[in-house]
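The sequence and its predicted three-dimensional model are supplied below.
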Amino acid sequence: MEPLVTLENINKGFRDGESFHSVLNQVNLTLYQGQTVALMGPSGSGKSTLLNIIGGFETIDSGELFIHIDGQKQSVTPWKDKQWSQYRRQYLGVVFQQFNLLTPLNVRDNIIFSLAMNGQKWTPWCDELCEQLDISSLLQRKVENLSGGQQQRVAIARALAHKPPLLLADEPTGNLDQQAGLQVMTLLTSLAKQANTCVVMVTHSQQCADFMQTHLHLHGGSIEHLRNITPLAYE
Ligand SMILES: Nc1ncnc2c1ncn2[C@@H]1O[C@H](COP(=O)(O)OP(=O)(O)OP(=O)(O)O)[C@@H](O)[C@H]1O
């Protein structure tokens, strides 16, 4: 399995007035192509912070973050805005609890907009995505008129339309009822597998976590591997 992202001895904290609040303490982690990871832990343990660091949305205090590009392990330390935006465009899909869709646009244009950001056009994979997510009949509908479950399925289509190697999902089922949440998880994991996308998902739900091969628990600034089935062993 090819590595995608490596975190080595990452430390991160936040200043709060005079005091400093440490969140991540010497965190080491490698993410692999096609791996599915549930990131769990108590509220405030740093799950979103870790996700944001992997996405380059948050800086680190010390340690080193590496991205593996074409088999080369590259440190992001010298990266400027240009490299970061290139990485985000080509490498990343994101799905958040708040769907962050462009509400005045219709479903199709939301997906096209995201593809255009990545310099890509609509492909047969996009038709396949919409078909499997059961949103093909909604393509001309404005997203603001859709239900929560429908909007989350559009958000997944948008995030996977360019087949990113890495999908970051922060409580993607947090706004959905249990049935819609489980449906979204089933689709998300099935589609990620078809695209060989690594998924890192923050969740408080054990039921959602059970869809993922690897379970990580953040506690006291450290990561504990609760379940670690390698992608190959999972097949
Ligand atoms: N920009 C920021 N400035 C100051 N403190 C921050 C900032 N971002 C996060 N924190 C703090 O860092 C800690 C970890 O926050 P984070 O959002 O990563 O936790 P979490 O595990 O995702 O929590 P939850 O499960 O409640 O969403 C919290 O104490 C939070 O208050």
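Alright, I've got the coordinates. This structure is a prediction, so every number in the text was calculated from the model and none was measured.

pLDDT on the lengthiest helix in the chain, on average?
The helix that spans the most residues within the chain, counting by DSSP state H, is helix 178-194. Helix 178-194 carries an average pLDDT of 87.

Okay, the residue nearest to the spatial centre of the chain and N106: tell me how far apart.
Note on the chain: the residue nearest the mean C-alpha position is L168, at 0.8 Å, using Cα atoms, centre = their mean. Taking Cβ to Cβ, to the nearest Å as the measure, L168 falls 25 Å from N106. C-beta: built from backbone N, CA, C; applies to glycine.

Contact partners for N175?
97-99, 148, 152 (Cβ atoms under 8 Å, 6 or more residues apart in numbering).

at 6 Å instead, please
97, 148 (Cβ atoms under 6 Å, 6 or more residues apart in numbering).

Just the pLDDT at it, thanks.
pLDDT at N175 comes out at 77.

and it, what element?
Here N175 is covered by no helix or strand, with elements defined by DSSP states H and E.

Next, the buried residues of the longest helix of the chain.
Using 16 or more other Cβ atoms under 10 Å as the burial criterion, the residues of helix 178-194 that qualify are 180-185, 187-189, 191-192.

closest to the ligand among the residues you listed?
G181 (16.3 Å; Cβ to the nearest ligand atom).

how many other residues sit next to the closest residue to that closest one other than its chain neighbours?
Once flanking residues are discounted, G181 sits nearest to T173: 3.4 Å by Cβ to Cβ, 6 or more residues apart in numbering. Residues lying near T173 (other Cβ atoms under 10 Å) number 26.

isn't R158 right next to S114, touching?
Yes - the criterion here is Cβ atoms under 6 Å, and R158 meets it with S114 at 4.6 Å.

sorry, back to before: if I pick the residue nearest to G181, what's in contact with it?
T173 touches 181, 184, 208, counting by Cβ under 6 Å, 6+ apart.

That one and Q207, how far apart?
Applying Cβ to Cβ to T173 and Q207 gives a distance of 9 Å.

Likewise for Q74?
Note on Q74: its distance to Q207, by Cβ to Cβ, is 37 Å.

Any idea what L39 is bridged to?
With beta bridges defined as DSSP bridges, L39 has these partners: V202, L216.

Against V200, how distant is it?
From L39 to V200 the distance is 6 Å (Cβ to Cβ).

go on, S137?
S137 is 31 Å from V200, where distance means Cβ to Cβ.

if you count what's nearby, which of these two comes out ahead?
V200 (26 against 9).

how would you label the more buried one: helix, strand or coil?
Assigned with DSSP: H, G, I helix; E, B strand; the rest coil, V200 falls in the strand class.

residues contacting it?
37, 168.

make it 7 Å
31, 37, 39, 51, 54, 168 (Cβ atoms under 7 Å, 6 or more residues apart in numbering).

Isn't the fifth one up against L4?
What that stands for is I54. No - I54 lies out of contact with L4 (Cβ atoms under 7 Å); the separation is 9.5 Å.

residue boundaries of the strands in the chain?
Counting by DSSP state E, residue ranges of the strands within the chain are 3-16, 19-32, 36-40, 62-69, 72-75, 92-96, 166-170, 198-202, 214-219, 222-228.

which of those strands is buried the deepest?
Burial of these is given as mean neighbour count (mean count of other Cβ atoms under 10 Å); strand 198-202 ranks first at a mean of 27.
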